[in-house]
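A.B. asks: Take this sequence and fold it.
(one chain, ligands or ions: 1)
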Amino acid sequence: NRRILLATRPDGRARQSDFELVETAIPAPKEGEVLLRNTLISMDPYQRNLMGNGSSELPPMELGTPMSGPTVAIVEESHNPDFAKGDYVQTWTGWQDYAISDGSDLRTLDPGMAPLSTALGVLGHTGLTAWVGMTKYLDDMPGGTFVVSAAAGSVGSMVAQMAKLRDHRVVGIAGGARKIAYLRDEIGVDAAVDYKADDFEAQLARALPDGVDRFFDNVGDYMFEAVMPHFNLNAQAVICGTIAGYSDTGLPDRRDHLPRLLNLILYRFIQVRGFSILDHLDSYPAFLEEVAPWVTAGRIKYREEFIEDFERIPETFLTLFEGGNTGKLIARVG
Ligand code: NDP
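C.D. replies: Down below sits the predicted model:
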């Protein structure tokens, strides 16, 4: 049973040496439990917060324990009447080969419905995050300008396409020419802005002649600061992620934009809300009912990137913080 443990807490940017690969015995399930073998393992930005950092309010995981996170697993042995050997489930068993569950955290998957990997992306927690943010934290409005950051990523690309389905004019922000082309040519945004370009703020201003009505932010920090001045009256922002700050050891030592934000909230009636997908896991059925047909019909496109080596999970996870991925990162280990 291979497991990847958190060995040390990073000071700033996480490194491969913060993890340790160990081999342990395969655990034995008791009455009411199942033995799970992971076949697909997801790598997600929030796992950086679990390692401990200066900006997160999440309790960090304990040193010496395996990284937790979303997985697809097969039931190898069952002592629970609700699951049979050979069932596929979506669960949160993290970076290891085998785990035990009492069944309460398992979602049974139908491998005939969609590729199993979609249960970790477009039809899994990242798709659900996009859908929850859009449907529960931003009021619907006809038309208007919609901005999404980390727009070429797993959550962001889904948000951009949902916003198009809602007839918004969609502006996607991402880093580098390859992602800009992907946003324009495949995701179908109305304008794509490269935040890594020297003229980022000028590009953004050109893409926003009518201001911003809705902002779905996956980045935080300087990204929110750049979009903020463009807010229209009654604009709404949802803070889904602040990946730009996940490696910060404290608050950045820069000009303080808080008075500006408070003035915008007061004089332009801006609403800013955050959310955690963990509070919305019971929305899976409603989410799948709406989104699965869009995916089957090709109205929502998605990308997945696979690695085949369990050992490469830490180094691949770290590329998330440099924009190395386009779409959902998954390790195929079974
Ligand atoms: P992505 O597929 O979007 O991958 C992360 C992307 O973030 C990278 O590809 C990179 O894209 C971008 N990025 C990384 N560092 C920076 C930076 N310093 N500045 C700007 N962009 C950066 O990951 P996910 O779709 O899984 O997650 C997207 C966001 O949603 C994350 O912030 C995550 O924490 C958040 N999230 C929140 C949830 C919630 O419950 N609120 C649940 C799930 C995810 P680029 O090449 O464009 O730089």
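A.B. asks: so Leu36 bridges to which residues?
C.D. replies: Leu36 forms beta bridges with Val75, Ala99, as assigned by DSSP bridges.
A.B. asks: Would you state the strands of the stretch 51-200 of the chain in chain order?
C.D. replies: 71-78, 88-91, 98-101, 107-109, 145-149, 169-174, 191-194 (DSSP state E, counting those that start in this stretch).
A.B. asks: need the residues of the stretch 1-150 of the chain near the ligand, please.
C.D. replies: Contact residues, the stretch 1-150 of the chain versus the ligand (C-beta under 6 Å from any ligand atom): Asp44, Pro45, Tyr46, Thr126, Thr129, Ala150. C-beta: built from backbone N, CA, C; applies to glycine.
A.B. asks: Which of the residues you listed has the largest number of neighbours?
C.D. replies: Within these, Ala150 tops the neighbour count with 28 neighbours, counted by other C-beta atoms under 10 Å.
A.B. asks: Tell me which stretches of the stretch 51-200 of the chain form helices.
C.D. replies: For the stretch 51-200 of the chain, the helices defined by DSSP state H, counting those that start in this stretch cover 125-136, 154-165, 177-182, 200-207.
A.B. asks: hang on, the earlier thing: point out the most buried one among the strands of the stretch 51-200 of the chain.
C.D. replies: By mean neighbour count, with neighbours taken as mean count of other C-beta atoms under 10 Å, strand 145-149 ranks first of the strands of the stretch 51-200 of the chain at a mean of 29.
A.B. asks: by contact count, what packs against that strand?
C.D. replies: Contact here means 3 or more C-beta pairs under 8 Å, 6 or more residues apart in numbering; DSSP states H and E; on that basis strand 145-149 packs against helix 154-165, strand 169-174, strand 212-217, helix 221-227.
A.B. asks: partners of the second one, with directions?
C.D. replies: Looking back up the chat, that one is strand 169-174. Sheet pairing of strand 169-174 (DSSP bridges) gives strand 145-149 (parallel), strand 191-194 (parallel).
A.B. asks: can I get the ones you listed in TSV with mean pLDDT?
C.D. replies: Converted to TSV, the strands paired with strand 169-174 look like this (pLDDT from 0 to 100):
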stretch	mean pLDDT
strand 145-149	98
strand 191-194	98
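A.B. asks: so which of the strands of the stretch 51-200 of the chain gets nearest Asn218?
C.D. replies: Each of the strands of the stretch 51-200 of the chain has some distance to Asn218 by C-beta to C-beta; the shortest is strand 145-149, at 5.1 Å.
A.B. asks: thought Lys164 was touching Val171?
C.D. replies: No: the criterion here is C-beta atoms under 8 Å, and Lys164 misses it with Val171 at 11.2 Å.
A.B. asks: So which residues of the stretch 201-334 of the chain form helices?
C.D. replies: Counting by DSSP H, counting those that start in this stretch, the helices of the stretch 201-334 of the chain are 221-227, 258-267, 284-296, 313-318.
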